[in-house]
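Undergrad: Show me how the following folds:
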Amino acid sequence: MFDSCLYFGEREAVVQSDFAQGVSYGIDGVPTTFIVSKKDFIYTDYLASLESSGSIKVLQKKNGAVIRVEGAVPKTVFEQVLDALK
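TA: Residues are numbered from 1 along each chain as shown. Purely as a prediction, here's the structure:
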């Protein structure tokens, strides 16, 4: 199965569709993680600095929160984002 996918492109359409969907969500790197919460987001100075550096992108702050974490980031980035949702 792997060889047929690799050499003959049997699943290429599916991969291209998934890729296009990711691009439509603004994903331009891997890994990318979305953190979604029903709680509002407390936007701290530290998180503002993470957003300005490109490590995170706050997509929604009110009526719930959606934060995109892009790239290989330290565990402390996830901890700070999760703490801001408490």
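
Undergrad: Kindly list the main-chain dihedrals of residue 34?
TA: Residue 34 adopts backbone torsions of phi -100, psi 130, taken as degrees, to the nearest 10.

Undergrad: actually residue 56, not the one I wrote
TA: phi -130, psi 160.

Undergrad: which helix in this structure runs the most residues?
TA: In the chain, assigned by DSSP state H, the helix with the most residues is helix 12-24.

Undergrad: Could you tell me how far that helix lies from the centre of the chain?
TA: How far helix 12-24 lies from its chain's middle: 16 Å, per Cα atoms, centre = their mean, to the nearest Å.

Undergrad: and the closest residue to residue 55 other than its chain neighbours, how far is that from residue 22?
TA: In space, residue 55 comes closest to residue 73 once its chain neighbours are excluded; the distance is 5.3 Å by Cβ to Cβ, 6 or more residues apart in numbering. For glycine as for every other residue, the C-beta is placed from the backbone atoms N, C-alpha and C. Taking Cβ to Cβ, to the nearest Å as the measure, residue 73 falls 18 Å from residue 22.
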